[in-house]
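Participant: structure for the following, please:
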Amino acid sequence: MTTKTQPTARPYDVALVGGGIMSATLGILLRHLEPTWSIAVFERLPEVAQEASAAWHNAGTGHAGLCELNYTPEKPDGAIDIAKAITVNEQFQLSRQLWATLVEAGILRKPESFINPVPHMTFVQGAEEVNFLRKRHETLSAHPLFASMRFSDKVERIGDWAPLLTEERTGGEPIAATHDITGSDIDFGTLTDQMIHYLERSGVAVHRRNEVWGMRKNNDGSWLLKVHHWTDRDRFTYKVDARFVFAGTGGWALKLLQKAGIPEARGYGLLPVSGRFLRCDVPEVVERHNAKVYGKAPVGAPPMSMPHLDTRIVDGKRSVLFGPYAGINPRFLKNGSLLDAPASLRPHNLGPLAGMMKDNLDLIWLLASQVAATRHKKLATLREFAPAASLDDWTMITAGQRAQIVKRDPATGKGALQFGTEVITAQDGSIAAVLGASPGASTAPAILLDLLERSFPHRWHYWTTILRELIPTFGRPLAADPKFARYTMTRTAETLGLAAPVSG
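Facilitator: Numbers count the residues shown, from 1 in each chain. Here you go, the predicted structure:
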């Protein structure tokens, strides 16, 4: 393979690095907010949406706080804290509204091509956990965003909701579940692909097999990007100027921020976590399960390790997924390098990373043990959810890479593992990135609205009218107005073909 150098390409107003759901969503927002701006997408793979956004690289859960136990911790006094669940649900409602608007505008195709109604459930075992789930349901269901949630500790009722949970279950241990019909399954790969294709049709330059390799700041405050373009036989290197750069590249975003040398990225490190799932396509099994059922993660495990038994609908075909089986992998992307994590080490993040490792030895051991677990041990974990599961019906698949944020905790001064997503922007707003994992894709619009406000504060006031056209409740919390919340959720449900909320 030969390397050739080309002259600097045309300048862009916006460079979106990475062809996943984050870049696609930001591109959609900017195309409406500033239609005259020139935008380019740079994707290192031959096609977009092939990393974490790809359908089988994630569980497809439309995270809304309906089933995830990590969003509703128990306080020392025994009360259930639902603040995080409310926040995530509010953010997901913004996503639903944006997608509904894009469907109505013909930008997205039929909703069932990327989103489908699938009830969300939480399943627990043991008297203590049953009591916790009952309290959780009582607290959540009293809130207007969770009024559709139902609780049962009756085997028959749980079996009606999800037969695989109760078939051949013996031992008499107490079980309980909650069930919410407003949940959804999302094919983020198809959603991303449809968004990117619209952007391309509207004049956005989408450069596939183009990898942003380096960057430096120009005297005028813009960025000069060094880009490798790969062909089957050659590699061409060229440079691109951009007034604003967004790194929507998962864990690779940290590498780009480090290349940019912005002080806001100092102290950040990443713990790359791999994931695998068991997948079942056997019709007799798939037809008996229609839910996303989340359980409790092992002690010390990250939230992304919560076991869940999921209905998936990809390309119109239904399957069942169970996992994830998390592990440690030094790559920041599934198609990344074994040197990703070592190459990201800097003097300023060594302390936080070392401190995090020291304080999370149980987590590190858990991730390592899951890598080494045999297929039969993985099946035993599945049978805690679905006792009748047969090894012959399930195939192991590899999911996308996730990179959990590590940074110094201001309160303790120690390195801490951060769950969720975080926006990093340069002081002048000229470059920004999103780091972290779940609920990421589900709440991309909310995350990127925060990024836009921080990166373009001088334009934010002028954008609010357009944003309300795209997202009708933008700036108006649904939690404060039950009637308005119900109306809005019903309207988007009708447009997207989802289950409408119920009350009482």
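Participant: and residue 36, that's in a strand?
Facilitator: No: counting by DSSP: H, G, I helix; E, B strand; the rest coil, residue 36 is not found in a strand; it is coil.
Participant: number of nearby residues for it?
Facilitator: Residues within reach of residue 36, counting by other C-beta atoms under 10 Å, total 5. For glycine as for every other residue, the C-beta is placed from the backbone atoms N, C-alpha and C.
Participant: can you give me the strands for the stretch 351-500 of the chain?
Facilitator: 395-398, 402-408, 415-418, 421-425, 431-436 (DSSP state E, counting those that start in this stretch).
Participant: quick one: residue 230 and residue 209 touch, right?
Facilitator: Yes: in terms of C-beta atoms under 8 Å, residue 230 counts as a neighbour of residue 209; the distance is 4.6 Å.
Participant: highest average neighbour count across the strands of the stretch 351-500 of the chain?
Facilitator: strand 431-436 (a mean of 25; mean count of other C-beta atoms under 10 Å).
Participant: other SSEs contacting it?
Facilitator: Strand 431-436 sits against strand 234-247, helix 252-260, strand 402-408, strand 421-425, helix 444-455, with contacts defined as 3 or more C-beta pairs under 8 Å, 6 or more residues apart in numbering; DSSP states H and E.
Participant: mind redoing it with 10 Å?
Facilitator: strand 12-17, helix 21-33, strand 234-247, helix 252-260, strand 402-408, strand 421-425, helix 444-455 (3 or more C-beta pairs under 10 Å, 6 or more residues apart in numbering; DSSP states H and E).
Participant: mean pLDDT and distance to residue 395 added to the ones you listed, as TSV?
Facilitator: What follows is the helices and strands packed on strand 431-436, written out as TSV (pLDDT from 0 to 100; distance: least, C-beta to C-beta, whole Å):
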stretch	mean pLDDT	distance to residue 395
strand 12-17	98	34
helix 21-33	98	26
strand 234-247	95	34
helix 252-260	94	29
strand 402-408	89	21
strand 421-425	94	30
helix 444-455	97	29
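Participant: Serialize these to CSV and add fields for distance to residue 493.
Facilitator: Below are the helices and strands packed on strand 431-436 laid out as CSV (distance: least, C-beta to C-beta, whole Å):
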stretch, distance to residue 493
strand 12-17, 30
helix 21-33, 21
strand 234-247, 31
helix 252-260, 33
strand 402-408, 29
strand 421-425, 25
helix 444-455, 17
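Participant: closest one to residue 129 among the ones you listed?
Facilitator: The minimum distance between residue 129 and the helices and strands packed on strand 431-436 falls on strand 402-408, with 25.3 Å, by C-beta to C-beta.
Participant: chain center to the closest one: distance?
Facilitator: In terms of C-alpha atoms, centre = their mean, to the nearest Å, the centre of strand 402-408 is found 15 Å from the chain centre.
Participant: how deep is residue 458 tucked in, by neighbour count?
Facilitator: 7.
Participant: ok, now which ones touch the closest residue to residue 354 other than its chain neighbours?
Facilitator: Nearest non-adjacent residue to residue 354, counting by C-beta to C-beta, 6 or more residues apart in numbering: residue 415, 6.7 Å away. Counting by C-beta atoms under 10 Å, 6 or more residues apart in numbering, residue 415 touches 267, 269, 349-360, 406-409.
Participant: quick check: residue 415 vs residue 348, distance?
Facilitator: 11 Å (C-beta to C-beta, to the nearest Å).
Participant: pipe the strands of the stretch 351-500 of the chain into a markdown table and attach distance to residue 316 per row.
Facilitator: Output for these, formatted as a markdown table (distance: least, C-beta to C-beta, whole Å):
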| stretch | distance to residue 316 |
| --- | --- |
| strand 395-398 | 19 |
| strand 402-408 | 27 |
| strand 415-418 | 37 |
| strand 421-425 | 30 |
| strand 431-436 | 30 |
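Participant: and residue 345, which of the three is it?
Facilitator: Residue 345 ends up coil, using three-state DSSP.
Participant: for it, grab phi and psi.
Facilitator: Phi and psi for residue 345, reported as degrees, to the nearest 10, are phi -70, psi 130.
Participant: so for it, what pLDDT did the model give?
Facilitator: Listed pLDDT for residue 345 reads 92.
Participant: list the beta-bridge partners for the closest residue to residue 351 other than its chain neighbours.
Facilitator: Closest residue to residue 351 apart from its sequence neighbours, by C-beta to C-beta, 6+ apart: residue 415 at 6.3 Å. Judged by DSSP bridges, the bridge partners of residue 415 are residue 408.
Participant: measure residue 415 to residue 270 for me?
Facilitator: 12 Å.
Participant: what is in contact with those two at once?
Facilitator: With C-beta under 10 Å, 6+ apart, residue 415 and residue 270 have common neighbours 349, 353, 406-407.
Participant: distance to residue 322 for those - can I get that in a markdown table?
Facilitator: Shown next, in a markdown table, are the shared contacts of residue 415 and residue 270 (distance: C-beta to C-beta, whole Å):
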| residue | distance to residue 322 |
| --- | --- |
| 349 | 35 |
| 353 | 31 |
| 406 | 28 |
| 407 | 32 |
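Participant: returning to what we had before: intersection of neighbour lists for residue 415 and residue 348?
Facilitator: Joint contacts of residue 415 and residue 348 (C-beta under 10 Å, 6+ apart) are 267, 269, 408.
Participant: how many other residues sit next to the residue lying closest to residue 57 once chain neighbours are set aside?
Facilitator: Excluding the flanking residues, the one nearest residue 57 by C-beta to C-beta, 6+ apart is residue 400, at 3.2 Å. Using other C-beta under 10 Å, residue 400 is surrounded by 20 other residues.
Participant: need the pLDDT of residue 400.
Facilitator: pLDDT, residue 400: 89.
Participant: okay but it is in contact with residue 272, surely?
Facilitator: No: using C-beta atoms under 10 Å, residue 400 makes no contact with residue 272, being 11.0 Å away.
Participant: shared neighbours, the two?
Facilitator: Common neighbours of residue 400 and residue 272 (C-beta under 10 Å, 6+ apart) are 250, 333.
Participant: on the pLDDT front, check the closest residue to residue 376 other than its chain neighbours for me.
Facilitator: Nearest residue to residue 376, sequence neighbours excluded (C-beta to C-beta, 6+ apart): residue 391, at 7.4 Å. On the pLDDT scale, residue 391 is placed at 86.
Participant: and for the nearest residue to residue 295 once chain neighbours are set aside, the neighbour number?
Facilitator: Spatial nearest neighbour of residue 295, excluding adjacent residues (C-beta to C-beta, 6+ apart): residue 307 at 4.6 Å. Neighbours of residue 307 under the rule other C-beta under 10 Å: 20.
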